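Visitor: Turn this into a model:
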Amino acid sequence: MWAGTLYALAAGLMWGLVFVGPLLLPEYPAALQSVARYLAFGLIALPLAWLDRRGLRQLQRADWIEALKLAAIGNLLYYLCLASAIQRAGGPVPTMIIGTLPVVIAISANLRNARRDGRLPWKRLAPPLALIALGIACVNHVELQALRQEPDADMSRYAIGALLALGAVACWTWYPLRNADWLRAHPGRSPRTWATAQGVATLPLALAGYLLLWAGMAAAGSEFPMPAGPRPEVFLALMAIIGLFASWLGTLCWNEASQRLPTALAGQLIVFETLAALAYAYILRGQMPQPLTLIGIACLMVGVLRAVRIKPEPLPAAA
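Guide: Prediction:
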């Protein structure tokens, strides 16, 4: 139990790194950060693919097309929305919105797969959802108050950032549902092989995205110095660190935790990612969260933990 919890904590600490890149590289376009991160991850996946080449050969054309879809939306588009949101709205509010993912995924599955997996009772879901909404509202209120005190505040930029965070939630709600559909439809295939396939599929997408972005910026006459921007050493090191630790090692630690912990408990420990990301954001700001922010974070954590404990109930058989 303790080993599993420590693995989950390590995974959360590493997954929280994905929220750091946009804060450390505010002058870098979010699209560049997205394709560079997954270019690094795709390169890391190549030796894994060589080790698992026998399993990858068993995948059909339709499987690779599905892997490309999952990589495009669950990896590239998700991080594009997330990085853009953080650059526009700061770290705390997008992190809080992303922190609702376990509950949003559960609700989506509740609506989509109730007949197959059972239905979560809405009456029991209502109190946790209210707590989550209250938590996000508290943090949003603090961030808006701070923004209004700035002489050059841009409220529209902040609002667009919040909307982009919702877009990131939509991407990563779609991803696990479609991914689970494929795994259920192919019970004889290894989840490890499928994860490696998605990493391999990410590489050509990220490379193509990188080249298209470079060509587009050159055609538009952008003064941004490609291929690695004004701080190439920092940029390349950070993308490699995020690609290695957040995309690969973090997932490895999470798999280790999942093997040692009950599924219900492991699901709750995803909150380590949210807490790590919030901690990193305030460390980079060099300040402590305000009391109302701490109350909001507590409301979000309690709401998510209560929601993931609710067990689905089987639907009554049709007459």
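Visitor: hang on, residue 225 in a strand?
Guide: No: if the criterion is DSSP: H, G, I helix; E, B strand; the rest coil, then residue 225 is coil and not within a strand.
Visitor: For residue 80, see how far away it is.
Guide: Noted for residue 225: a distance of 21 Å to residue 80, by CB to CB, to the nearest Å. Placement of C-beta: from N, CA and C, glycine included.
Visitor: So the two - more neighbours on which side?
Guide: Neighbour tally, residue 225 and residue 80, criterion other CB atoms under 10 Å: the higher count belongs to residue 80, 24 against 11.
Visitor: Checking the more buried one next. Helix, strand or coil?
Guide: helix.
Visitor: Now do the contacts for it.
Guide: Contacts for residue 80 (CB atoms under 8 Å, 6 or more residues apart in numbering) come out as 30, 31, 34.
Visitor: which one of the residues you listed is nearest residue 176?
Guide: residue 34 (19.2 Å; CB to CB).
Visitor: Check which helix or strand the closest one maps to.
Guide: helix 30-51 (DSSP states H and E).
Visitor: Tell me the helix or strand right after that helix.
Guide: Taking DSSP H and E, what comes next after helix 30-51 is helix 53-57.
Visitor: how about the helices in the stretch 151-300 of the chain?
Guide: 155-185, 191-219, 232-241, 250-260, 263-268, 271-285, 291-308 (DSSP state H, counting those that start in this stretch).
Visitor: Check these for me: which has the lowest mean pLDDT.
Guide: Lowest mean pLDDT within these: helix 263-268, at a mean of 60.
Visitor: Pull out the buried residues from the helix holding residue 34.
Guide: 30-45, 48-49 (16 or more other CB atoms under 10 Å).
Visitor: hey, C-alpha coordinates of that helix in CSV?
Guide: Output in CSV follows, covering the C-alpha atoms of helix 30-51 (Å, rounded to 0.1, in the frame of the first residue of the first chain):
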residue,chain,number,x,y,z
ALA,A,30,1.9,27.1,-27.3
ALA,A,31,1.8,25.2,-30.6
LEU,A,32,5.6,25.0,-30.6
GLN,A,33,5.7,23.7,-27.1
SER,A,34,3.1,21.1,-27.9
VAL,A,35,4.8,19.7,-31.0
ALA,A,36,8.3,19.8,-29.3
ARG,A,37,7.1,18.0,-26.2
TYR,A,38,5.6,15.2,-28.2
LEU,A,39,8.5,15.1,-30.6
ALA,A,40,10.7,14.3,-27.6
PHE,A,41,8.2,11.7,-26.4
GLY,A,42,8.0,10.1,-29.8
LEU,A,43,11.8,9.8,-29.9
ILE,A,44,11.7,8.2,-26.4
ALA,A,45,9.1,5.7,-27.7
LEU,A,46,11.3,4.4,-30.5
PRO,A,47,13.5,2.1,-28.4
LEU,A,48,10.3,0.9,-26.6
ALA,A,49,8.8,0.1,-30.0
TRP,A,50,11.9,-1.9,-31.0
LEU,A,51,11.6,-4.0,-27.8
